[in-house]
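[1] Provide a 3D model corresponding to the input given below.
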Amino acid sequence: MNFPHAAAGGHPARGEAGDSYSRWVRTAMKAASDWPEAAALFESTMREPTELLIGVVRDAFAGGITDRYESVFAEGNRFVVGHVAARHGVPPEQVIGTTGATAALALVLKALVGPGDEVLIEHPRFDLLPALARDAGATVADLPRRAPDYRVDPAELARLITPNTRLIVLTQVHNPSGAVLDVAELQALGAVAARAGVPILMDEVYADFTGQDVYAAQLGPQFISVGSLTKVQGLFALKCGWAVASPQMVAAIHAASPQGDLGVSKLAHAVAALVLEQREVFDAHWRNVLAGARPVVEEHVALMRADGLIEGELPNFGCMYFPRIVGVDDTRALTGWLWSEHGVVLPAGEFFGQAGHVRIGFGSGRVDALDRGFSRLRTALKAYPGRC
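    Numbering: from 1, shown residues only. Model prediction:
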């Protein structure tokens with residue numbers, strides 16, 4: 001199968017070394033929408049529960065204006081803040097409402113780091129994290145999370161902390177591998193951070209996939225939790241996020257940004273408050289999506305592993321997978337070829353700092369499309385001429 005439109009431009013090419021993952025996604029989404037026959041296997045955000053969202057909006061404004069529709073200036077929507085606080089087991093004063101997780105991360109970084117400071121960030125990683133740290137003026141050092149299990153070694157963390165280290169940044173669930181740090185592991189890392197006097201910023205936008213209901217900020221004042229409704233619930237339209245931290249840390253964030261996050265939408269957060277109050281319904285949506293998708297993914301992953309095409313176990317949670325492609329070091333070249341020759345859209349591991357891997361996402365949950373896409377990927381990998 002040849003896709004001659006790939007040569008005409010407007011397609012997800014392999015990407016240059018300086019390209020961001022976000023830039024690649026914009027190109028990939030356009031290509032996938034322009035060419036319905038494309039096999040898009042990169043969706044790490046759950047499919048939006050559009051009908052549920054429309055129902056909430058309709059109910060909120062059909063008989064008047066919901067009382068959740070109130071000012072969000074400086075402090076955020078108090079109903080959103082109250083729900084997040086209750087879920088994290090902290091008072092509302094320890095929650096800061098934001099337009100999303102990215103805004104929350106930026107507020108924390110602005111408060112805690114500056115020029116000459118060092119931020120220790122997991123590696124491989126989502127490239128937005130080091131970009132935000134550098135925007136705050138900091139330098140970035142790597143905290144290894146090594147295949148195949150992508151754990152974090154507390155002893156190695158202790159060795160890597162320097163006198164200039166001001167912050168440690170991790171993700172839960174790990175993006176891109178899907179690995180999960182359990183409570184005991186988090187506590188061990190927290191103990192190292194507490195001894196060094198360096199806080200841990202935990203991006204938990206995927207954490208609800210684990211079903212643990214234990215967030216890092218509950219484990220000690222050295223942790224800062226950041227979350228949103230974007231990834232697990234698929235409610236990117238609401239741009240609703242938050243940071244949860246100790247009173248001292250919240251005070252530092254407010255001092256660095258006394259006006260708060262001015263981008264918070266009064267309308268979006270009113271709807272988000274209502275979503276959070278019936279979160280079980282929205283949680284049921286993503287669980288149902290994954291219940292349909294994961295058996296298909298598991299079957300195809302098992303076949304590709306048996307064929308010796310990929311290595312690495314499918315994570316137990318979430319909708320992303322970061323396998324190593326056997327015999328391939330340059331996955332930029334591979335993913336460019338997958339698109340141009342087979343219409344398969346996949347991001348190269350180089351975007352996350354680990355060549356030889358690809359990040360597969362199946363958050364769309366569309367079973368037939370996933371089945372066709374994985375079948376095409378398996379056929380393509382068997383035929384790839386660049387394999388060593």
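
[2] any idea how far residue 80 is from residue 275?
    Going from residue 80 to residue 275 by CB to CB, to the nearest Å gives 9 Å. The C-beta positions use only the backbone N, C-alpha and C, and glycine is treated the same way.

[3] More neighbours: the two, which one.
    residue 80 (31 against 24; other CB atoms under 10 Å).

[4] Tell me the helices and strands packed up against whatever helix or strand that one lives in.
    Following DSSP states H and E, one finds residue 80 within helix 78-88. For helix 78-88, the contact count by 3 or more CB pairs under 8 Å, 6 or more residues apart in numbering; DSSP states H and E identifies strand 95-98, strand 241-244, helix 266-277 as packing neighbours.

[5] do that again at 10 Å, thanks
    strand 95-98, strand 223-228, strand 241-244, helix 266-277 (3 or more CB pairs under 10 Å, 6 or more residues apart in numbering; DSSP states H and E).

[6] That helix vs strand 223-228, what angle?
    In terms of direction (axes from the mean of the first three to the mean of the last three CA atoms, to 10 degrees), helix 78-88 departs from strand 223-228 by 130 degrees.

[7] Alpha carbons of helix 78-88, in CSV - could you do that?
    Taking C-alpha atoms only, helix 78-88 is exported to CSV below (Å, rounded to 0.1, in the frame of the first residue of the first chain):
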residue,chain,number,x,y,z
ARG,A,78,-14.7,27.1,44.6
PHE,A,79,-16.8,24.1,43.7
VAL,A,80,-14.0,22.6,41.6
VAL,A,81,-11.5,23.4,44.3
GLY,A,82,-13.7,21.8,47.0
HIS,A,83,-14.1,18.6,45.0
VAL,A,84,-10.4,18.3,44.3
ALA,A,85,-9.6,19.0,47.9
ALA,A,86,-12.0,16.3,49.1
ARG,A,87,-10.6,13.7,46.7
HIS,A,88,-7.0,14.5,47.8
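
[8] For residue 252, list the residues it contacts.
    Contacts here follow CB atoms under 10 Å, 6 or more residues apart in numbering; on that basis residue 252 touches 108, 110-112, 199, 245-246.

[9] for the helix or strand encompassing residue 26, the distance to its chain's centre please.
    Using DSSP H and E, residue 26 maps to helix 21-34. In terms of CA atoms, centre = their mean, to the nearest Å, the centre of helix 21-34 is found 17 Å from the chain centre.

[10] Which strands or helices does it pack on?
    Counting by 3+ CB pairs under 10 Å, 6+ apart, helix 21-34 packs on strand 39-40, strand 42-43, helix 128-135, helix 331-342, strand 344-345.

[11] Just send the ones you listed back as TSV, with mean pLDDT, distance to residue 371 and mean neighbour count too.
    What follows is these, written out as TSV (pLDDT from 0 to 100; distance: least, CB to CB, whole Å; neighbours: other CB atoms under 10 Å):
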stretch	mean pLDDT	distance to residue 371	mean neighbour count
strand 39-40	94	10	22
strand 42-43	94	15	24
helix 128-135	97	31	18
helix 331-342	94	15	21
strand 344-345	95	13	26
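
[12] To residue 25, which of these lies closest?
    strand 42-43 (7.2 Å; CB to CB).
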